[in-house]
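**Student:** Following is a predicted model, sequence given first.
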Protein chains: 2
Amino acid sequence: MDNRSYVSWELMNSFLIDAFVGYGVPKEDAAICADVLLESDRRGIESHGCNRFKPIYIDRIKKGTLLPTTQIEIVKETPTTVVMDAHDGMGMVASHKMMEMLIEKAKKNGMAGGAIRNSTHYGIAGYWTSMASKEGLIGLTGTNARPSIAPTFGVENMMGTNPLTFSLPTDEEFPFCLDCATSIVQRGRIEYYAREGKETPAGTVISEKGEAMTDSNEILKALVDGTAALAPLGGIGDELAGYKGYGYAAVVEILSAALSGGQFMKALSGVDENGKPKMYHLGHFFFVIDPDAFMGRETFKKTAGDICRALRASKKAPGSDRIYTAGEKEYLVWLERKEKGVPVNKGVQKDIIEVRNALDLPYKFDFEESV
Amino acid sequence: MDNRSYVSWELMNSFLIDAFVGYGVPKEDAAICADVLLESDRRGIESHGCNRFKPIYIDRIKKGTLLPTTQIEIVKETPTTVVMDAHDGMGMVASHKMMEMLIEKAKKNGMAGGAIRNSTHYGIAGYWTSMASKEGLIGLTGTNARPSIAPTFGVENMMGTNPLTFSLPTDEEFPFCLDCATSIVQRGRIEYYAREGKETPAGTVISEKGEAMTDSNEILKALVDGTAALAPLGGIGDELAGYKGYGYAAVVEILSAALSGGQFMKALSGVDENGKPKMYHLGHFFFVIDPDAFMGRETFKKTAGDICRALRASKKAPGSDRIYTAGEKEYLVWLERKEKGVPVNKGVQKDIIEVRNALDLPYKFDFEESV
């Protein structure tokens, strides 16, 4: 049962830009934000695409916890590094500027790194690393987020879902792109389950009593209350090496805050001690490496492609007919959606109409008959 | 039942150096190798310490698959990068030289990265990142290895246990150091289980038929034969996000070979098509980042320490009384072993005596009465 409707990429892009502009985002910035959200849908990562457009961006602008205009302050700059303060503006706009700077620096100096403080949700982490891989460069990024993951042997949500994301250029049509949270499931995925009315798989979320939780709406509330937490990659306890996922989450938590001199953990909850909304003050980090400063971009791409091809060609498990490499499924989704358009479920359709009406924008969508 | 004996650190260090020298390793290089092995024991990582001294180093030198003298060729060098060819010499010696160069470059230019090809086992990955964190710098390294990990939905051992290792300096007595394989268990751990006569935990190794294996000696053989493989972090299949661990293993496989222009996967098996021993031709990569090119080393250390302390102080799971941060257990082991000495089990005792006798070295060990 597909309760989704499809909207053309051009129409949705245009609408998103106008909607962001309607809420005070400068046009050029709005185009960046729309592209980041749509890239998520292009890759089939609905949890971070149009699904989040209203609740995570528009609603926060209205609430005042996200500023539509982004005052980017360059706190520090060297030939290989940049530290920015985004002053609670659009994280996607600051990150875009950051990656442009780092790509230029990496091409000149072989390597470059940057960190942003006082930022906000920057969309899919893989968008930023892909900016590098499109240029034949290696991209690495991470971000902290509202506390969700409990440490091994703990039950308290202490760290964000903290993606540790790599894009590596290959000689194929698409890069190797590993864009994943260091928890088993991430918050956006649970938001998506909630919107779809689905349960969250057991074993991925623990209550403060150490019990498994599966009700997606309850989990989202409990994650904010601090009465539930996500298990790190590797699972609860140390039997299957959950301490490794916990360790990678901590690496991201530390690099996101310590390089930028920004905030971390409980300070990122988005609510103050009285339960009132406050700024998120997120931190991100980014690294760009130019293989030309090593054995060359073509050598890198060829080897990366050879490794991906060998992995796919390796012996399948009984009952499995295909092995994927990171970024491949996302590319296949794009090939399928290219003509079809952006899938929008009932919840997103409602969001779109609400924003369209509030701003009195001259848009009409095919799905409106059925809403 | 502790079947281990303890040897003083000084005595063991002196013995290891003389043993390496006895097999043709230059004295200065031998001191590096001994320190890397002992650092593993200091941290409680027996799987990579004296346990490996004979089988992984001495025996291979004798077999001719590891050259005792290390001809380090600088293939490429820029102000921020280094590519080396280790010409099948001691990986630990080449890695030590690499980290010295990168630390100097990072202090000068903010960031530095390096890759080594045609190398051999470089010991615990955390040794190299700790060289950076001791100087207040961030260290990141990874290495490929004999194929062991199967991709998600696959059963064939395609990638090494491929550690992705970080050391982050803190304001505490010890750094945050996450030194772990991207499989659930690593090969060295299974070697250790085998030497201790223990089973390998179920669910961490799969046979080519997709069945679980637990016999440690059988697993080691099957990993070489290619009839078993290690599951990536996150486990078999995709239910608990095994594709993430698989993805990180692939990141390490790609970076280890593609930056250095080196070999990868099946080419690293250590045996040729006729089953005869051959050179390993491993690849490693290293990155060093100076927080002084961001918001300063002291800011970094303070934030990293604050995050570690907050994690440890967070709410424990029922039945758990302590939460650790990465590198903490290793530091606690060192505090305990500092006075006690290096623990050596029966197998290692036998190795030591064998090597001592073969080289006619003037050493006498307390454990000899009981061997």
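**Tutor:** That came through fine. Residues are numbered from 1 along each chain as shown, chains lettered A, B, ... in the order given.

**Student:** Identify the residues contacting the residue positioned nearest the centre of chain A.
**Tutor:** Nearest to the mean C-alpha position of chain A, by C-alpha atoms, centre = their mean, lies residue A:124 at 2.4 Å. Taking C-beta atoms under 8 Å, 6 or more residues apart in numbering or on different chains, we find residue A:124 in contact with A:36, A:39, A:40, A:43, A:45, A:48, A:179. For every residue, glycine as well, the C-beta is placed using N, CA and C.

**Student:** confidence score at it?
**Tutor:** Residue A:124 is assigned 96 on the pLDDT scale.

**Student:** so what's residue A:231 up against?
**Tutor:** Going by C-beta under 8 Å, 6+ apart, residue A:231 touches A:149, A:150, A:183, A:184, A:203, A:204, A:205, A:206, A:242, A:245.

**Student:** For burial, what's the neighbour tally of residue A:286?
**Tutor:** Using other C-beta atoms under 10 Å in any protein chain shown, residue A:286 is surrounded by 30 other residues.

**Student:** Let me see the mean pLDDT of whichever strand or helix holds it.
**Tutor:** Per DSSP states H and E: residue A:286 is located in strand A:282-289. For strand A:282-289, mean pLDDT rounds to 98.

**Student:** do stretch A:328-343 as well
**Tutor:** The predicted model gives stretch A:328-343 an average pLDDT of 97.

**Student:** May I see the buried residues of that stretch?
**Tutor:** With burial defined by 16 or more other C-beta atoms under 10 Å in any protein chain shown, the residues of stretch A:328-343 counted as buried are A:328, A:330, A:331, A:333, A:337, A:341, A:342, A:343.

**Student:** quick one: the closest residue to the third one other than its chain neighbours and chain B, what's the gap?
**Tutor:** Once flanking residues are discounted, residue A:331 sits nearest to residue A:174: 3.9 Å by C-beta to C-beta, 6 or more residues apart in numbering or on different chains. The gap separating residue A:174 from chain B is 14 Å, by C-beta to the nearest C-beta, to the nearest Å.

**Student:** got a pLDDT number for residue A:174?
**Tutor:** Listed pLDDT for residue A:174 reads 98.

**Student:** for the stretch 101-250 of chain A, what spans make up the strands?
**Tutor:** In the stretch 101-250 of chain A, the strands defined using DSSP state E, counting those that start in this stretch lie at A:111-119, A:138-143, A:164-168, A:176-178, A:205-207, A:228-230.

**Student:** one step back: and the residue nearest to residue A:331, how many neighbours does it have?
**Tutor:** Using other C-beta under 10 Å, residue A:174 has 21 neighbouring residues.

**Student:** what sits against it?
**Tutor:** Applying C-beta under 8 Å, 6+ apart, one finds that residue A:174 lies in contact with A:327, A:328, A:330, A:331.

**Student:** which pair in those spans the largest distance?
**Tutor:** The largest distance within those, taken as C-beta to C-beta, falls between A:328 and A:330 and amounts to 7.1 Å.

**Student:** What parts of the stretch 1-150 of chain A come near chain B?
**Tutor:** A:75-76, A:78-81, A:83, A:109-113, A:115, A:138, A:150 (C-beta under 8 Å from any C-beta of the partner chain).

**Student:** Would you write out the PyMOL command that picks the buried residues out of the residues you listed?
**Tutor:** Buried members of the residues of the stretch 1-150 of chain A next to chain B, defined by 16+ other C-beta under 10 Å, are picked up in PyMOL with:
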select buried, chain A and resi 75+76+78+80+81+83+109+110+111+112+113+115+138+150
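
**Student:** picking up where we left off before, can you tell me which of the contacts of residue A:174 is nearest residue B:119?
**Tutor:** Closest to residue B:119, out of all of these and judged by C-beta to C-beta, is residue A:327, at 28.2 Å.

**Student:** can you count the residues close to that closest one?
**Tutor:** For residue A:327, the count of nearby residues is 25 (other C-beta under 10 Å).

**Student:** How about it: what's its closest non-neighbour residue?
**Tutor:** Excluding the flanking residues, the one nearest residue A:327 by C-beta to C-beta, 6+ apart is residue A:177, at 3.4 Å.

**Student:** On the strand side of things, show who the one you found bridges to.
**Tutor:** Taking DSSP bridges as the rule, residue A:177 bridges to residue A:167.

**Student:** Kindly state the pLDDT recorded for it?
**Tutor:** pLDDT, residue A:177: 98.

**Student:** repeat for residue A:189
**Tutor:** At residue A:189, the model reports a pLDDT of 80.

**Student:** residues contacting the closest residue to it other than its chain neighbours?
**Tutor:** Spatially, and ignoring its direct neighbours in sequence, residue A:189 is nearest to residue A:47 (4.9 Å; C-beta to C-beta, 6+ apart). Going by C-beta under 8 Å, 6+ apart, residue A:47 touches A:40, A:186, A:188, A:189, A:191, A:192.

**Student:** would you list those in CSV and tack on distance to residue B:160 and neighbour count?
**Tutor:** Compiled in CSV, those are given as follows (distance: C-beta to C-beta, whole Å; neighbours: other C-beta atoms under 10 Å in any protein chain shown):
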residue, distance to residue B:160, neighbour count
A:40, 32, 24
A:186, 28, 25
A:188, 32, 23
A:189, 30, 22
A:191, 36, 21
A:192, 35, 23
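
**Student:** mind listing which of those are in helices?
**Tutor:** Within the contacts of residue A:47, residues falling in helices by DSSP state H are A:40, A:188, A:189, A:191, A:192.

**Student:** Show me which of these is closest to chain B.
**Tutor:** Compare each of the ones in helices among the contacts of residue A:47 with chain B using C-beta to the nearest C-beta and the shortest gap goes to residue A:189, at 10.3 Å.

**Student:** Could you pull out the helices in chain A for me?
**Tutor:** Here chain A has its helices, by DSSP H, at A:9-22, A:27-42, A:50-52, A:59-63, A:91-109, A:125-133, A:187-196, A:216-225, A:242-258, A:297-313, A:328-340, A:346-359.

**Student:** Can you spell out the domain ranges of chain A, please?
**Tutor:** For chain A, automatic domain parsing gives the domain ranges A:1-63+A:341-371, A:72-184+A:231-326.

**Student:** Between those, which has the poorest mean confidence score?
**Tutor:** The minimum mean pLDDT among those belongs to domain A:1-63+A:341-371 (a mean of 93).

**Student:** Off-centre distance for that one?
**Tutor:** How far domain A:1-63+A:341-371 lies from its chain's middle: 16 Å, per C-alpha atoms, centre = their mean, to the nearest Å.

**Student:** wait, isn't residue A:167 in contact with residue A:129?
**Tutor:** Yes - using C-beta atoms under 8 Å, residue A:167 is in contact with residue A:129, at 3.5 Å.

**Student:** any residues in contact with both of those two?
**Tutor:** Common neighbours of residue A:167 and residue A:129, using C-beta under 8 Å, 6+ apart, are A:139, A:177, A:179.

**Student:** Ramachandran coordinates for the last one?
**Tutor:** The one in question is residue A:179. Residue A:179 adopts backbone torsions of phi -120, psi 90, taken as degrees, to the nearest 10.
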